[in-house]
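**Student:** sequence and predicted structure below; questions after.
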Amino acid sequence: MAKEITSRSEDYSQWYLDIVKKAGLADNSAVRGCMVIKPYGFAIWEKIRDQLDLMFKQTGHVNAYFPLLIPKSFLSKEAEHVDGFAKECAVVTHHRLMNDPNGTGVIVDPDAKLEEELIIRPTSETIIWNTYKDWIQSYRDLPLLINQWANVMRWEMRTRPFLRTSEFLWQEGHTAHSTKKEAIAESRLIHDLYAEFAEEFMAMPVIKGSKSANERFAGAVDTYTIEAMMQDGKALQAGTSHFLGQNFAKAFEVKFLNEGNKEEFVWATSWGVSTRLVGALIMTHSDDDGLVLPPKLAPIQVVIIPIPKPNGVLMEEANLIKKELEAKGISVKIDSDKKNRPGFKFAEYEMLGFPVRIGLGARDLERNEVEVARRDTKEKVNVSRNEIASYVENLLAEIQVNLFEKAKQFRADNTSSASDMEEFERILNEKGGFIEAHWDGTTETELKIKEQTKATIRCIPLDAKEEEGKCVFSGKKSMRKVIFAKAY
RNA sequence: CGGGAUGUAGCUCAGCUCGGUAGAGUGCACGUCUGGGGGGCGUGAAGUCGCAGGUUCAAAUCCUGUCAUCCCGACCA
């Protein structure tokens, strides 16, 4: 069975699709633009979800659930918000089907038209703020720190598994505060939390920055983003946290009485990451042999493959090793399936991205050692049997660090700076990656650069140093460089 | 919604020009020899040829219509 995948150099896009398919992460579905997340893909999402959920709770947030359907009229209450999402909403217009009187099959019952049409949430700000209005009366009700894990739907033209699907899973946090300062602090806190998660757990380096007006969330005052670089040099927005000001509070009349018994509008934030992170994980670390997963997010960290012989001693030994590893909190699978040969299994678990593989055969038993292979570098070493648990424990930590350092180096190697448009376009065409350049701060310039080069401003880095320069496009004065790139 | 292509076994595809009993590889099932990097041999199950009409003694093949999917553009986490 030749389960080969297209190489990255040949066709990066096809390589990605091959990984998703052959590592068993997702399938296409009967519905255009939607995907079926298969058990292994979902297991990765569960690792992501569980860790983030823990981090949200550690910072004082609680979970709740709001409905899938939103009255159409809610969307239009915030002017920019409706502009941003109206074009991609699925709309529920009827509530009943009937048998087609003219033939077989069912049709929509024309008598079952809804009085007010409902939309399937593309995001939940509107229904949530409509609800918060009833929950908030006093400054004593604040802050309100709520998150929900949910699915949302945006009717996309072109989709790719995990990176962009019409329906996707995500978390969306929606918080209400009594002061502007506190709301900004909340949006920054989550921004930091996302960056920490990306780097510590996904081993994916990110640039923290704010979005330009043009790239900002519809209805936000400020959008903070974490931007990552994929292996083809394109940028991926991996998570966003928005300071919403009082926009939604005003649209939905969410007011509270402050300590001085005066009525004020509340200050708001919202923030989210989605199943897109699974796509980010794939495109950050994986190689031409398949998926590569950081140990902290691998559904199972170690696979033990017994090299079969007609006795049960190998299985006994494999189980002993498994117990020793599990005692250190390491997740382990023994593949004793007789259907496939060892060589097949080696390739298979590389495809699945298991960080560590242990080969155990008669030869090893005699020598009192095992063969340990790491997925990230493909190195194999023989390890003494009685040191196996601590060796693997250290190795997993080392792999986690190595993946992060490698990705960081890649980003550094593919980040350039440009001082005029000729240089800008040359870098973009020949090398790609991130381009640091001065920008005059106007939407007009941003759009012209986008039109001319297809590169957009990914973010204005928070740690950008103040340095006077000239806008790469207009030549006007600029005080800091921003990050340009082609983006997913 | 514009431009291009494709629908035949679970998957990848051949067959169509020139009409005549539905094919291959892979996967699947069973048996067997194997087993330290994607095994060998044998046997077997599996397809309303996207759908609907038409031409014909006869249609996967020719004609008309229709549906769906994929790729390229406009939109986007």
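**Tutor:** Cool, got the structure.

**Student:** how about the strands in the stretch 201-350 of chain A?
**Tutor:** Assigned by DSSP state E, counting those that start in this stretch, the stretch 201-350 of chain A shows strands spanning A:207-210, A:222-229, A:235-245, A:255-257, A:263-265, A:267-274, A:302-306, A:332-334.

**Student:** which intervals of the stretch 301-450 of chain A have sub-threshold pLDDT?
**Tutor:** Regions of the stretch 301-450 of chain A meeting the criterion pLDDT under 70 cover residues A:309-311.

**Student:** show me the helices in it, by range?
**Tutor:** Here the stretch 301-450 of chain A has its helices, by DSSP state H, counting those that start in this stretch, at A:313-326, A:342-352, A:362-367, A:388-413, A:421-430, A:443-453.

**Student:** can you give me the buried ones in the fourth one?
**Tutor:** Judged by neighbour count (16 or more other Cβ atoms under 10 Å), helix A:388-413 contains these buried residues: A:388-389, A:391-392, A:395-396, A:399-400, A:402-404, A:406-407, A:410-411. Placement of C-beta: from N, CA and C, glycine included.

**Student:** could you do the last one as well?
**Tutor:** Of the residues in helix A:443-453, those buried by neighbour count under the rule 16+ other Cβ under 10 Å are A:T445, A:E446, A:I449, A:K450, A:T453.

**Student:** what of the third one?
**Tutor:** When burial is assessed from 16+ other Cβ under 10 Å, helix A:362-367 yields the following buried residues: A:D364, A:L365.

**Student:** over to stretch A:477-488?
**Tutor:** By neighbour count on 16+ other Cβ under 10 Å, the buried set for stretch A:477-488 is A:S478, A:R480, A:K481, A:V482, A:I483, A:F484, A:A485, A:K486, A:A487, A:Y488.

**Student:** Three-state assignment for the residue nearest to the fifth one when sequence neighbours are not counted, please.
**Tutor:** Computed as Cβ to Cβ, 6 or more residues apart in numbering, the closest residue to A:I483 that is not its neighbour in sequence is A:R458, at 4.6 Å. In terms of secondary structure, A:R458 is strand; the call rests on DSSP: H, G, I helix; E, B strand; the rest coil.

**Student:** what's the most centrally placed residue in chain A in contact with, if anything?
**Tutor:** Nearest to the mean C-alpha position of chain A, counting by Cα atoms, centre = their mean, stands A:L277 at 2.0 Å. Contacts here follow Cβ atoms under 8 Å, 6 or more residues apart in numbering; on that basis A:L277 touches A:W45, A:I48, A:M202, A:A238, A:G239.

**Student:** just checking, the fourth one touches A:A228?
**Tutor:** Yes. With contact defined as Cβ atoms under 8 Å, A:A238 and A:A228 form a contacting pair (5.0 Å).

**Student:** could you export the contacts of A:L277 as TSV, including distance to A:D232 and neighbour count?
**Tutor:** Below are the contacts of A:L277 laid out as TSV (distance: Cβ to Cβ, whole Å; neighbours: other Cβ atoms under 10 Å):
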residue	distance to A:D232	neighbour count
A:W45	23	20
A:I48	22	22
A:M202	18	28
A:A238	16	26
A:G239	20	27
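
**Student:** dump those residues to a markdown table, plus distance to RNA strand B and pLDDT.
**Tutor:** Listed next are the contacts of A:L277 as a markdown table, based on distance: Cβ to the nearest atom of the strand, whole Å; pLDDT from 0 to 100:
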| residue | distance to RNA strand B | pLDDT |
| --- | --- | --- |
| A:W45 | 12 | 97 |
| A:I48 | 13 | 98 |
| A:M202 | 15 | 98 |
| A:A238 | 7 | 95 |
| A:G239 | 8 | 96 |
